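In: Sequence below, structure please.
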Amino acid sequence: MATDAGAAPGVQVCSLKVDTPQLIAPGNTYKIVRFPFGAAEPTDGFGMHQAVQPDGYVVGDWATDDRSGLIWPSKAGWGHLHALIQWEAAGGTGGYTELRDQYVRDPLALTPHPDDTTATEHRTPTPGGQYYVKNHGIFVTPGTPLALRVTHNDANPRLLTLAEFKLVIHDAA
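Out: Numbering: from 1, shown residues only. As a prediction, this is how the structure comes out:
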């Protein structure tokens, strides 16, 4: 896979973080983790996470719009995805027995090839806090956004208390 003509050479990084808790409803449907824009995000020097998105859509409120969870790759290449996921403790009766997370290409069906999931993990809770880190590599292209999605099987909604989502794009030959 060749790099895009005119793209800056070298590694390009987008690093997102949110510590505003997000209430995640239980069930089999994965939810996109949402991230704030601008000064609230750690690093986006290549414009991969902007309120005005490459297709012209404008995100008004990051906390309520799933599009705030999208990273739009700035160039084609080998993408290394990183995530940090922290959940509140499970409830008593009916508490979760499984936490799920995955990366997904085009989770909102904005391209002809939507909802291509990868690195899906189903985890059983451990004593204490539920803190996970995941890494995965995939080929990425501009115009096909990426997201981090989560869900759980608790009887009640649970808080995702902290999340990070990062894309590092390396040139690929």
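In: helix/strand/coil for the closest residue to residue 47 other than its chain neighbours?
Out: Spatial nearest neighbour of residue 47, chain neighbours left out: residue 74 (6.4 Å); criterion: CB to CB, 6 or more residues apart in numbering. The C-beta positions use only the backbone N, C-alpha and C, and glycine is treated the same way. Using DSSP: H, G, I helix; E, B strand; the rest coil, the structure places residue 74 in coil.
In: Would you mind measuring from residue 165 to residue 155?
Out: Residue 165 sits 27 Å away from residue 155, going by CB to CB, to the nearest Å.
In: Repeat that for residue 38.
Out: As judged by CB to CB, residue 38 and residue 155 stand 37 Å apart.
In: before we move on, back to that, who has more neighbours out of residue 165 and residue 155?
Out: Comparing residue 165 with residue 155 by other CB atoms under 10 Å, the one with more neighbours is residue 165, at 24 against 13.
In: so who does the more buried one touch?
Out: Contact partners of residue 165, counting by CB atoms under 8 Å, 6 or more residues apart in numbering, are 16, 33, 35, 69, 71, 81-83, 147-148.
In: Repeat that for residue 57.
Out: So residue 57 contacts residue 67 (CB under 8 Å, 6+ apart).
In: gap between it and residue 83?
Out: Residue 57 sits 24 Å away from residue 83 when distances are taken as CB to CB.
In: pLDDT score for the closest residue to residue 70 other than its chain neighbours?
Out: Excluding its sequence neighbours, the residue lying closest to residue 70 (CB to CB, 6+ apart) is residue 145, at 3.9 Å. Listed pLDDT for residue 145 reads 97.
In: Run a quick neighbour tally on residue 117.
Out: Residues near residue 117, counting by other CB under 10 Å, number 12.
In: which residues sit in contact with the residue nearest the centre of the chain?
Out: The residue lying closest to the centre of the chain (CA atoms, centre = their mean) is residue 148, at 2.5 Å. Contact analysis of residue 148 by CB under 8 Å, 6+ apart lists 32-33, 69, 83, 85, 101-104, 163, 165.
In: redo that, cut-off 7 Å
Out: For residue 148, the contacting residues are 33, 69, 83, 101, 103, 163, 165, by CB atoms under 7 Å, 6 or more residues apart in numbering.
In: Widest-spaced pair of the contacts of residue 165?
Out: The span of the contacts of residue 165, defined through CB to CB, is set by 69 and 82 at 14.9 Å.
In: which residues are contacting the worst-scoring helix or strand of the chain on mean pLDDT?
Out: Across the helices and strands of the chain, mean confidence by mean pLDDT, DSSP states H and E is lowest for strand 116-123: a mean of 92. Outside strand 116-123, the residues that touch it by CB under 7 Å, 6+ apart are 98-106, 132, 134, 136, 138.
In: Thank you kindly, that will do.
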